[in-house]
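J.: attaching a predicted model along with its sequence, questions to come.
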Amino acid sequence: MEYMQQKKLCCITTVDATLIAFVADAMYQFVEQGYDVTLVCSNTTRVRKSKGDAFRYVDMPMKRGVSFTDMLFMPWRFRNFFMREKFDFVQYATPNASLYASIGAWMAKVPVRLYCQWGIRYVGVSGFMRKILKTLEHLTCLLSTDICPASRKNLDFAVREGLYRPEKAAIIGDGGTIGVDLAKYDIGHKQECREKVIAEYPVLKDKLVICSVGRLSRDKGSFELLEAFGRLAKDREDVALLMVGDTEGRIPDRLLPITKYERVIFIGFTDEVNKYMAAADIFAHPSYREGFSMVIQEAMAMQLAVITTDIPGPSEIVEEGVTGILVKPRDVQSLYEGLKQMCASPERMAQMGIAGRKRCEELFNRERMLRLTFEHRLSLINRKCV
């Protein structure tokens, strides 16, 4: 394969965490092939420390959430930036960065404008705000030359919603972003990590541990999980809940008694997600909306049986009845029944974990996903930058 040299590429997200977790590693291959790659987010300090000097870095402060002030000014800032730098390829992800960069790149006539549609913000929102967010999503899609949805079902949903034509989009492999680092999620160290966590939280000893990873928030299904676990804990004394992630907003008053259970442990934010997953038997992720969900892939890599919602993304990662169980979104009873069913059959649960690890190794390993991402981006550059 012949590689085009000296092309200028730019990747943009609203916050640094997305660049670090999902973008930078996929762009190293372009640097190695002689491309000039610039990474942009609100503050690149952490990205610089994490990823080193292989890239150029540019800070472009953007507010999170809906900001009408940013909507007025940020597209022009990006337009001027793109005009000055003359990029051949611009990739953007996350809602705000994608909106501003797509407008700016369109005005600057950047040849390749790739929207990584790793989630659709208006899903799960209702009323007037849904209409606003859908209009902004449609504009981002309209101004992009190409779109990379997180999965086939997400692509199909976007097409049904009229966001873009199917020929404008392509998914990477079987879905997802950069895949799982299987060396980090090494099941050979699972027992060792489990013992460390149990030493830290002795109440977990001899328990069936249900683990959740992510923001403790409404749209992640965190409150349904707490309520479902509260019901399960009344049936069984041998279950525990390990919730990893920051709390976003207020936990409803009706659930506060459950948060006081000795068998409910809140870890907060941690860089050692793999360690806490290793202490679990079941991974629960009852989200309302997802792009594809990296944490489900990571849980499968750690050989956990998965309970998640039957929505685009998660339902494509999990093979129903083989690697996990799908439940209805926003439905406490369905989630409770899924947890009860899983805990009732430890042997089946273990078989699901083994099958999940195998599926992750075959479809979602990082080496495969990085290679497919590189080939996809390269094909766009070679086709349009002549």
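T.: Sure, I can see it.

J.: any chance you could map the strands in the stretch 201-350 of the chain?
T.: For the stretch 201-350 of the chain, the strands defined by DSSP state E, counting those that start in this stretch cover 208-213, 239-244, 264-268, 282-285, 305-309, 324-327.

J.: closest to residue 256 out of those?
T.: strand 264-268 (11.0 Å; CB to CB). C-beta: built from backbone N, CA, C; applies to glycine.

J.: mind giving me the packing neighbours of that closest one?
T.: strand 239-244 (3 or more CB pairs under 8 Å, 6 or more residues apart in numbering; DSSP states H and E).

J.: now what about the strand it packs on, what contacts it?
T.: By CB atoms under 8 Å, 6 or more residues apart in numbering, the residues outside strand 239-244 that reach it are 201, 203-204, 207-214, 216, 222, 225-226, 229, 232-233, 261, 263-268, 270, 273, 276, 279-280, 343.

J.: give the PyMOL command for selecting the buried subset of the residues you listed.
T.: To isolate the buried members of the contacts of strand 239-244 in PyMOL, using 16 or more other CB atoms under 10 Å:
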select buried, resi 201+204+207+208+209+210+211+212+213+214+216+222+225+226+229+232+233+263+264+265+267+273+276+279+280+343
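
J.: re the thing from before, quick one: the strands of the stretch 201-350 of the chain as a markdown table, columns for mean pLDDT and distance to residue 95 too.
T.: Supplementary listing: these in a markdown table, determined by pLDDT from 0 to 100; distance: least, CB to CB, whole Å:
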| stretch | mean pLDDT | distance to residue 95 |
| --- | --- | --- |
| strand 208-213 | 96 | 22 |
| strand 239-244 | 96 | 25 |
| strand 264-268 | 93 | 26 |
| strand 282-285 | 97 | 21 |
| strand 305-309 | 97 | 21 |
| strand 324-327 | 97 | 27 |
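
J.: now the ones you listed as a markdown table including distance to residue 138?
T.: As requested, these are exported to a markdown table (distance: least, CB to CB, whole Å):
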| stretch | distance to residue 138 |
| --- | --- |
| strand 208-213 | 32 |
| strand 239-244 | 35 |
| strand 264-268 | 37 |
| strand 282-285 | 28 |
| strand 305-309 | 25 |
| strand 324-327 | 29 |
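
J.: which of the ones you listed sits closest to residue 352?
T.: Closest among these, using CB to CB: strand 305-309, at 3.8 Å.

J.: report the inter-axis angle for that closest one versus strand 208-213.
T.: 50 degrees (axes from the mean of the first three to the mean of the last three CA atoms, to 10 degrees).

J.: in strand 305-309, what counts as buried?
T.: Per 16+ other CB under 10 Å, strand 305-309 contains these buried residues: 305-309.

J.: and for stretch 103-120?
T.: Buried, per 16+ other CB under 10 Å, within stretch 103-120: 103-108, 110-120.

J.: among the residues you listed, which ones are in strands?
T.: Applying DSSP state E to the buried residues of stretch 103-120, the entries found in strands are 112-117.

J.: closest to residue 298 among those residues?
T.: Using CB to CB, those come closest to residue 298 at residue 116, 19.4 Å.

J.: so the closest one touches residue 97, yeah?
T.: No: assessed by CB atoms under 8 Å, residue 116 is found out of contact with residue 97, at 10.0 Å.

J.: can you give me the strands in the stretch 1-150 of the chain?
T.: Counting by DSSP E, counting those that start in this stretch, the strands of the stretch 1-150 of the chain are 8-12, 36-41, 56-59, 89-93, 112-117, 146-149.

J.: in what helix or strand does residue 360 lie?
T.: Element membership of residue 360, judged by DSSP states H and E, is helix 346-363.

J.: tell me the pLDDT of the nearest residue to residue 181 once chain neighbours are set aside.
T.: Closest residue to residue 181 apart from its sequence neighbours, by CB to CB, 6 or more residues apart in numbering: residue 366 at 5.1 Å. Here the pLDDT value assigned to residue 366 is 96.

J.: what of residue 2?
T.: The model's pLDDT for residue 2 equals 45.

J.: swap in residue 80?
T.: In this model, residue 80 is scored at 98, pLDDT.

J.: what about it, distance to residue 341?
T.: 57 Å (CB to CB, to the nearest Å).

J.: now do residue 165
T.: Residue 165 is 41 Å from residue 341, by CB to CB.

J.: looking at the two, which is more packed in?
T.: Counted by other CB atoms under 10 Å, residue 165 and residue 341 do not tie: residue 341 has more neighbours, with 14 against 11.
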